[in-house]
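Q: generate a structure from the sequence data that follows.
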Amino acid sequence: MTVTGLGSSLAYLLSRAERSVNRGLAAALAGEDVTVEQWRILRALADGRGHSMGELAEAVLMPHPTLTKAVDRLIDRALVYRGPSAGDRRRVAVFLAARGADLLARVDGAAAEHHRLIAAAFGPERTQQLMRELESLVDAIG
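A: Just a heads-up that it's a prediction; the model follows:
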């Protein structure tokens with residue numbers, strides 16, 4: 001079977017899959033008034049180390065200006081805060097607040113349930129294989 005048109009583009013197919021997955025994840029997170037982007041930020045900060053805005057932008061796949069607005073909204077909700085970096089007290093880092101950790105604990109369950117639904121629809125082994133293959137693709141093309 002030969003695929004033509006947009007369906008023959010890897011970039012297009014990856015974008016379609018990403019939109020579909022994120023649409024379902026957004027619906028799962030909506031009950032706690034958390035966007036997919038905000039969940040990614042909270043998840044990245046859950047390691048407790050604090051991250052510079054540059055590190056965070058790279059980790060959560062967001063451009064700096066968009067990330068700054070998202071972090072400001074999370075600060076307004078007392079979910080994260082800015083403070084001195086542990087490695088260099090002159091630098092500012094973003095940290096997960098206790099209230100943010102509580103919210104993250106609640107929404108992580110919704111995110112895990114969303115992942116289970118995908119695995120049930122696509123197959124658990126195929127889902128794990130797809131995740132491994134996508135990681136390999138990212139590693140290969142940098």
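Q: C-alpha from now on. contacts and neighbour counts both.
A: Will do.
Q: how about the helices in the protein?
A: 10-29, 36-45, 53-60, 64-76, 98-122, 124-141 (DSSP state H).
Q: contact partners for residue 39?
A: Applying Cα atoms under 8 Å, 6 or more residues apart in numbering, we find residue 39 in contact with 104, 107.
Q: ok, now which ones touch residue 103?
A: For residue 103, the contacting residues are 32, 79, taking Cα under 8 Å, 6+ apart as the criterion.
Q: can you check the pLDDT for it?
A: Residue 103 is assigned a pLDDT of 97 by the prediction.
Q: so which residue is dead centre in this protein?
A: The central residue of the chain, meaning the one whose C-alpha is nearest the mean C-alpha position (Cα atoms, centre = their mean), is residue 40 at 3.0 Å.
Q: could you check the pLDDT of that one?
A: Confidence score, pLDDT, at residue 40: 97.
Q: can you tell me the closest non-neighbouring residue to it?
A: Distances taken as Cα to Cα, 6 or more residues apart in numbering place residue 60 nearest to residue 40, at 5.8 Å, with adjacent residues excluded.
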